[in-house]
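# this one's structure only:
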């Protein structure tokens, strides 16, 4: 939400996400209220965020970290649109050869992010 500072007010975000009470965004940010999982798609659109990323955060908030990890274990890690883009680039660069993640390739990825 920090990227939206100055672009959208909390009341605009609340309205776009379908919340009647504009204070709901403040309550979610403060942790006094949880995001209802059925509100995730609308909230993600309002925040201009990836729904999979927002769902991952909301799921952990709703059911706790351990239970959220169990859901991910069963259904798989939610993949954001940005991550799909990375995957497509890897497939294109590797000619769809399904390359193994080696320590060298992992180091190259870390270097891209300055780590």
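Arrived safely. Being a predicted model, the structure only gives us computed values, none of them experimental. Numbers count the residues shown, from 1 in each chain.
# any chance you could map the helices in this structure?
Counting by DSSP state H, the chain has helices at residues 10-17, 23-30, 40-47, 51-63, 65-75, 81-93, 103-112.
# who's in contact with residue 60?
The contact partners of residue 60, by CB atoms under 8 Å, 6 or more residues apart in numbering, come to residue 68. C-beta coordinates here come from the backbone N, C-alpha and C atoms, glycine included.
# how far away is it from residue 107?
Using CB to CB, to the nearest Å, residue 60 is found at 29 Å from residue 107.
# what's the answer for residue 35, then?
In this view, residue 35 and residue 107 are 37 Å apart by CB to CB.
# likewise residue 99?
For residue 99, the distance to residue 107 equals 14 Å [CB to CB].
# quick one: low-confidence ranges for this structure?
Applying pLDDT under 70 to the chain flags residues 1-6.
# could you list the domains of it?
For the chain, automatic domain parsing gives the domain ranges 2-75, 81-112.
# just name the most buried of those.
Scoring the domains of the chain by mean neighbour count under mean count of other CB atoms under 10 Å gives domain 2-75 as the most buried, with a mean of 15.
# what is the end-to-end distance of stretch 88-108?
Length of stretch 88-108, first residue to last, CA to CA, to the nearest Å: 17 Å.
# and stretch 73-80, by the same measure?
Taking CA to CA, stretch 73-80 runs 17 Å from one end to the other.
# what separates that stretch from the chain centre, distance-wise?
Relative to its chain's centre, stretch 73-80 lies at 11 Å (CA atoms, centre = their mean, to the nearest Å).
# okay, which residue is most central for this structure?
With distances taken as CA atoms, centre = their mean, the chain has residue 53 as the residue nearest its mean C-alpha position (1.0 Å).
# go ahead and confirm that residue touches residue 78.
Yes. Between residue 53 and residue 78 there is a contact under CB atoms under 8 Å: 7.3 Å.
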